[in-house]
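J.: no FASTA, just this:
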């Protein structure tokens, strides 16, 4: 079992290697964990190495290799379930003050949980999400407008985290671009023969049926952020 500092350092190293292909310097680690000296980083790295989470590569500067991650931060291999996070962790300001390590995700406008509106516009800002909320590939975030998905736990004002993909399974909640309307909506996808049904999670909204060439999947819901 890892301490919180050990886990924070492990995730910081993992994130930096994933982004830049090289492990961070001891100075960068010290600043990221808000430690006063590099000796604390040496102790944390030694502890992680002894527990089998990292390996030092001989005769190479800044050479650390991630051997494994804690089970608690490995994404669900099915891609289902996603994650829900409340509070201020989803904002860069909250992340800076609390000190957790996270992943930057661009916010690309609003998505309708109700009447379709345009989505995936220009990036307005970025938010910080826990690294366990995202997996491999590209991700983006959208601000929810409307109440058609309330029974799926998605409320007006929430921020949804989307894995960018053009494929989805029956029952997935997706960002669906409607070709003729040139708008997008957040709905549950169902395929019925050659047709595509976009289902709301609110009985006040009816299911809408489209032809296979009328809907383009732009991403699949994997997480949700909410401020109380």
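T.: Sure thing, it's come through. Bear in mind the structure is a predicted one, so any value in this text is a computation, not a measurement.
J.: Run through who's touching the longest helix along the chain.
T.: Determined from DSSP state H, the single longest helix within the chain is helix 4-20. For helix 4-20, the external contacting residues (C-beta atoms under 8 Å, 6 or more residues apart in numbering) are 2, 22-24, 28-29, 32-33, 41, 44-45, 47-48, 51, 53-54, 64, 66, 69-70, 73, 99-101, 103, 131. For the C-beta atoms, the positions are set from N, CA and C on the backbone; glycine is no exception.
J.: per-residue confidence averaged over it?
T.: Across helix 4-20, pLDDT averages out at 83.
J.: after it comes which helix or strand?
T.: Stepping forward along the backbone from helix 4-20, the first helix or strand reached (DSSP states H and E) is helix 26-32.
J.: So what touches that following helix?
T.: When contacts are defined by C-beta under 8 Å, 6+ apart, helix 26-32 is touched by residues 8-9, 12-13, 16, 24, 35-38, 40-42, 101.
J.: Buried subset of those residues as a ChimeraX selection?
T.: Applying 16 or more other C-beta atoms under 10 Å to these, the buried members can be selected in ChimeraX as follows:
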select :8,9,12,13,16,24,35,40,41,101
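J.: sorry, back to before: now list the buried members of the contacts of helix 4-20.
T.: Burial of these was assessed by neighbour count (16+ other C-beta under 10 Å); the buried members are 2, 23-24, 29, 32-33, 41, 44-45, 47-48, 53-54, 64, 66, 69, 100-101, 103, 131.
J.: Among the residues you listed, which ones are in helices?
T.: The subset of the buried ones among the contacts of helix 4-20 that ends up in helices is 29, 32, 41, 44-45, 47-48, with DSSP H as the criterion.
J.: Fine by me, thanks again.
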